[in-house]
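the sequence and its predicted three-dimensional model are supplied below.
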Amino acid sequence: MINTRTKEKGNFADLIHRDSPKSPFYNPTETTAQRLRNAVHRSVNRVVHFNGKDASVNSPQTEITSDGGEYLMNISLGTPPFPIMAIADTGSDLLWTQCKPCDNCYTQDDPLFDPKASSTYKDVSCTSRQCTALESQATCSTEDNTCSYTMSYGDKSYTKGNVAADTLTLGSTDNRPVQLKNIVIGCGHSNAGTFSKKGSGIVGLGGGSVSLISQLGDSIDGKFSYCLVPTSSENDTTSKINFGSNAVVSGNGSVSTPLITKSQATFYYLTLESVSVDSKNIKYPPVSDSYGSSSKGNIIIDSGTTLTMLATSFYSELEDAVASSIDAERVNDPQNVLSLCYSATAKLNVPVITMHFDGADVKLDSSNVFVQLSEDLVCFAFRGDDQLAIYGNLSQMNFLVGYDTVSKTVSFKPADCATM
């Protein structure tokens, strides 16, 4: 799959925030605050779809929303390599893109991937391991023995097409492109819903068997990491996502917490034991879900959700502790999305907030904790939600975050991501 040079050096891709000037989603007429406000709204919508209550029970792919991913990856598919910019999503598995011929497709600005133009493209058969790995999302054509997939998302968006294998090209740390052969992809011939015309599909980075991470497997030793540049960065600095030996997070300041496996293999579950506000420590309650009541694996870490979502009763206690330590007059969020807000001109003495994961204390900077939603409004970037607790990307910015799916750990290390 990957040659030894790649394994030694490690390989990577640029991770571009959807609101960066390098992103096709970039709108120069919006202020940074307006972009963050939009991201917050997408974040709230995303958690509904993660929960999957409004989608098919058998479909572990219902958790992603079509516009919820906040970061885009530059990749290339096929031979010769055809460039694609797709949403990077740790909350889903399959890598798919819109393909020619498109029977019923959403409008896309970039050219469509043409499987006929790739000498390495091949549809997979019904009896193949790749087809059976998709489980309930795969169907078979008795006419030509080809495997098809259907993925429907919580907002009624969907993608349908052929399950195929082709060559994926990524960058590498020595600037020589790395070609990965026989990567399972979805070649979407019928895709509709709320997908943006700026994106070409989705790169699934979850824990399921058809995700890019699982497919790269031994060649990257099950390791990947990213360092998310703050959304407040006005320049066009890109974040990087690293795979393999270059993705190890270690050294001074690094901490690690166990990755918990549950039957929903897509998600990366962690255990949040408590959160402290300065010296006040608030214990996180046991959470009941479809797997029973447990304090283990009570929160998922997700690069595509902006806010950090916590159980409502716990969030209320956390908000009270934060509010009582800030000597400023509270104001209302006119859109009623976030509940602890202040005037942007107020001098906020933000308390030190530390996330106490199992074995790992992650001390947040004030920029991880408060977000500016307009010229005159800053709000606490956490929210109560009883559907699913999520450690979102605002909390992860300026941390090197490393996933080791073999050792089953997630590691955090404070970093200046813009300089990495």
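Arrived safely, thanks for sending.

where are the low-confidence patches of the chain?
1-70, 153-155, 172-175, 232-236, 288-294 (pLDDT under 70).

what residue of it is the furthest out?
What lies farthest from the middle of the chain is Glu143; by C-alpha atoms, centre = their mean that is 37.3 Å.

just checking, Ser128 touches Cys147?
Yes. In this structure Ser128 lies within contact range of Cys147 using C-beta atoms under 8 Å: 6.7 Å. All C-beta spots, glycine's among them, are computed from the backbone N, C-alpha and C.

higher neighbour count, these two?
Cys147 (22 against 17; other C-beta atoms under 10 Å).

list the contacts of that one.
By C-beta atoms under 8 Å, 6 or more residues apart in numbering, the contact set of Cys147 is 123-126, 128, 130-131, 134, 138-140, 162-163.

host element of the residue farthest from the centre of the chain?
Using DSSP states H and E, Glu143 maps to neither a helix nor a strand.

and the gap between it and Ser136?
Glu143 is 21 Å from Ser136, where distance means C-beta to C-beta, to the nearest Å.

apart from its chain neighbours, what residue comes closest to Tyr342?
Ala328 (5.1 Å; C-beta to C-beta, 6 or more residues apart in numbering).

neighbours around the one you found, how many?
With other C-beta under 10 Å as criterion, Ala328 counts 14.

that one: what secondary structure?
Per DSSP: H, G, I helix; E, B strand; the rest coil, the secondary structure class of Ala328 is coil.

please apply the same query to Tyr315.
helix.

can you name the residues that contact the nearest residue to it once chain neighbours are set aside?
Leaving aside its chain neighbours, Tyr315 sits nearest to Gly384 (3.4 Å; criterion: C-beta to C-beta, 6+ apart). Applying C-beta under 8 Å, 6+ apart to Gly384 gives the contacts Met309, Leu310, Ala311, Thr312, Ser313, Phe314, Tyr315, Ser316, Glu319, Ser339.

next one: the residue farthest from the centre of the chain from Ser274, what distance?
58 Å.

same question, Phe267
From Phe267 over to Ser274 the distance is 21 Å, taken as C-beta to C-beta.

between those two, which one's more packed in?
More crowded of Phe267 and Ser274, by other C-beta under 10 Å: Phe267, with 24 against 15.

which residue sits closest to the more buried one, ignoring its sequence neighbours?
Ile300 (4.5 Å).

just checking, that neighbour touches Ile390?
Yes. Using C-beta under 8 Å, Ile300 is in contact with Ile390, at 5.5 Å.

one step back: may I have the beta-bridge partners of the residue nearest to Tyr315?
Taking DSSP bridges, one obtains Leu310 as the residues bridged to Gly384.

where along the stretch 101-250 of the chain do the helices fall?
Along the stretch 101-250 of the chain, the segments classed as helices by DSSP state H, counting those that start in this stretch run 129-132, 212-216.
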